[in-house]
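# The sequence isn't on hand, but the structure is:
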């Protein structure tokens, strides 16, 4: 094969004889050879001229072991190109056959072929119209609910690509709710696994555009999620739906639409229900945290609804305060998400929720609880917010200050600075979380003075040898930089007693997060020569 000159491949008849000769011998290498750039175009031309070889070869998988897999991989690479996609219209009848094939490999290839055609097609409206004209969409739905995992994923991707075309809206979301292809009807006919796949498809479609998300919402398809949550007979199905809702809440449009419906009532009911499995409550708490992590959610909610949710979370935290459980850690993480925005953080300080986090963070009630609470507080005090958004409203700031001094007074450390120093001296993960809290807190003048009052704290945050992991080094550097910036912009910058601290911080900032020594040079080594 390697001895055949490149020029001879311009003869189509010769290329066909070569292909058939190797195929009849059961030689898979010819397919792999076709993947090389040297005769890539020949393979494309061959299949354009003799397209019947495609379905014929795939139907003969039993004669040549491995041919089906190799040929499918080869065709997938071809169709995932502009030139290959331009050949797909000639193969539409074969795509129809492939979508109904018994072989899962062939069905997966056919689904991917549709996606490549829609993604790489030269004419948007023509591509979508051709797919619709050949009745591809119902076949994709069948692959979704009846195919294996790979086929279901490929069909989901193909339908998502189709949904990007305005022409497809009437097909994917038919006005007649009695249509067999209506997603609600499809879910009603499916097995439990099939329903979960339909719901997963809806989640994917939500991220396509605002118009698609609005169509899904107005079609009342979100009620399918509610029905599955209310079905307490299948724990795995309910958990899967909650996972999908969490994924939906992360989409650009999902959180706003979820907040408008009855999902908040369902989620709060799940959280307050002590008879359900802990993992379901944890997942419901995480969804609440994700929904409330953006201020846009609060804009579409009534104040009473927000207070109800916070009350339920407070009751759950009260019942978990003496337990070192995964559910408490999940709740702490969710509160950290809520407190990532200014409005959300202020809400936490208006309730008892912030107190639970401070107690767990500084009173050592369990390492898992402490670590989760510290990271949550890092978000709440503004570590992840920009400099102009670190400070909260007057009431929230006063509550924050009072809580820290109260907890310090209750401890053996007595002062906030001693309290911070004690947790900085713990293991690296706890120290990293403490760096984050200090980074956010030093934007407050009172806390800046507390930090600068302890030379040991400055020594830890400026010592590059304390942390060996990348995340730890970066967190320490960010903390050091935040202290230096806050000190430089304060009215204490000219205080002689802080001059040494300012210089030490300045040198540490100049070194960067990773450089352990201020200057490293090669040193000559003098020794007696060995003979």
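Perfect, thanks for sending it. No experiment lies behind these values; they were computed from the predicted model shown. Residues are numbered from 1 along each chain as shown.
# domains in the chain, as residue ranges please.
Following the assignment in automatic domain parsing, the chain carries domains at 1-80, 412-512.
# The ones you listed: lowest mean pLDDT?
Between those, the one with the least mean pLDDT is domain 1-80; it has a mean of 52.
# who's in contact with stretch 405-416?
358-359, 362-363, 404, 418-419, 421-422, 447, 450 (Cβ atoms under 8 Å, 6 or more residues apart in numbering). In short, each C-beta sits where N, CA and C put it, glycine included.
# do that again at 10 Å, thanks
Stretch 405-416 is contacted by residues 355, 358-359, 361-364, 401, 404, 417-423, 441, 446-447, 449-451, 453-454 when judged by Cβ atoms under 10 Å, 6 or more residues apart in numbering.
# buried sites along it?
Buried residues in stretch 405-416, counted by 16 or more other Cβ atoms under 10 Å: 405, 407-408, 411, 413, 415-416.
# Stretch 87-98 too?
87-88, 91-92, 94-95, 97-98.
# and what of stretch 139-154?
In stretch 139-154, counting by 16+ other Cβ under 10 Å, buried: 139-147, 151-154.
# what's the most distant pair in the residues you listed?
139 and 153 (15.9 Å; Cβ to Cβ).
# For the buried residues of stretch 87-98, could you give me JSON lines that also reports secondary structure, distance to residue 485 and pLDDT?
Output for the buried residues of stretch 87-98, formatted as JSON lines (DSSP: H, G, I helix; E, B strand; the rest coil; distance: Cβ to Cβ, whole Å; pLDDT from 0 to 100):
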{"residue": "87", "secondary structure": "helix", "distance to residue 485": "59", "pLDDT": "80"}
{"residue": "88", "secondary structure": "helix", "distance to residue 485": "57", "pLDDT": "83"}
{"residue": "91", "secondary structure": "helix", "distance to residue 485": "62", "pLDDT": "78"}
{"residue": "92", "secondary structure": "helix", "distance to residue 485": "62", "pLDDT": "85"}
{"residue": "94", "secondary structure": "helix", "distance to residue 485": "64", "pLDDT": "83"}
{"residue": "95", "secondary structure": "helix", "distance to residue 485": "60", "pLDDT": "87"}
{"residue": "97", "secondary structure": "helix", "distance to residue 485": "66", "pLDDT": "86"}
{"residue": "98", "secondary structure": "helix", "distance to residue 485": "61", "pLDDT": "87"}
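# Format those as TSV; extra columns: distance to residue 345.
Below are the buried residues of stretch 87-98 laid out as TSV (distance: Cβ to Cβ, whole Å):
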residue	distance to residue 345
87	56
88	52
91	56
92	55
94	58
95	53
97	58
98	54
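# what's the closest of the residues you listed to residue 202?
residue 95 (24.5 Å).
# Give the closest residue to the closest one in space, chain neighbours not counted.
residue 110 (5.1 Å; Cβ to Cβ, 6 or more residues apart in numbering).
# what residues are up against that neighbour?
72, 75, 91, 94-101, 103, 136, 139-140, 143, 151, 154-155, 158.
# Same check on residue 303?
So residue 303 contacts nothing (Cβ under 10 Å, 6+ apart).
# Measure how far stretch 439-454 is from the centre of its chain, please.
Centroid displacement of stretch 439-454 relative to its chain, using Cα atoms, centre = their mean, to the nearest Å, is 34 Å.
# From the contacts of stretch 405-416, keep the buried residues only.
355, 358-359, 361-362, 404, 417-421, 423, 441, 447, 449-451, 453-454.
# where along the stretch 251-400 of the chain do the helices fall?
For the stretch 251-400 of the chain, the helices defined by DSSP state H, counting those that start in this stretch cover 254-260, 263-272, 278-291, 295-300, 303-320, 326-338, 342-349, 353-362, 367-380, 394-410.
# next one: the stretch 51-200 of the chain
Under DSSP H, counting those that start in this stretch, the stretch 51-200 of the chain gives helices at 53-59, 67-79, 82-87, 92-99, 104-120, 124-133, 136-146, 149-163, 169-172, 183-189, 192-206.
# Would you mind putting those helices into TSV with distance to residue 342 alongside?
Converted to TSV, the helices of the stretch 51-200 of the chain look like this (distance: least, Cβ to Cβ, whole Å):
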stretch	distance to residue 342
helix 53-59	59
helix 67-79	48
helix 82-87	47
helix 92-99	51
helix 104-120	40
helix 124-133	42
helix 136-146	42
helix 149-163	35
helix 169-172	38
helix 183-189	39
helix 192-206	27
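# quick one, which of the ones you listed is nearest to residue 283?
Closest among these, using Cβ to Cβ: helix 192-206, at 14.5 Å.
# Name the residues of the first helix or strand past the closest one going along the chain that are buried.
Using DSSP states H and E, the next helix or strand after helix 192-206 towards the C-terminus is helix 210-218. Across helix 210-218, burial judged by 16+ other Cβ under 10 Å covers 212-213, 215-217.
# Check which helices and strands helix 210-218 is in contact with.
helix 149-163, helix 169-172, helix 192-206, helix 254-260 (3 or more Cβ pairs under 10 Å, 6 or more residues apart in numbering; DSSP states H and E).
# ok, the closest residue to residue 298 other than its chain neighbours - how many residues close by?
Among residues not flanking residue 298 along the chain, residue 343 sits closest, at 5.7 Å (Cβ to Cβ, 6+ apart). For residue 343, the count of nearby residues is 18 (other Cβ atoms under 10 Å).
# could you list every residue that touches residue 343?
So residue 343 contacts 292, 294-295, 297-299, 306, 392-393, 396 (Cβ under 10 Å, 6+ apart).
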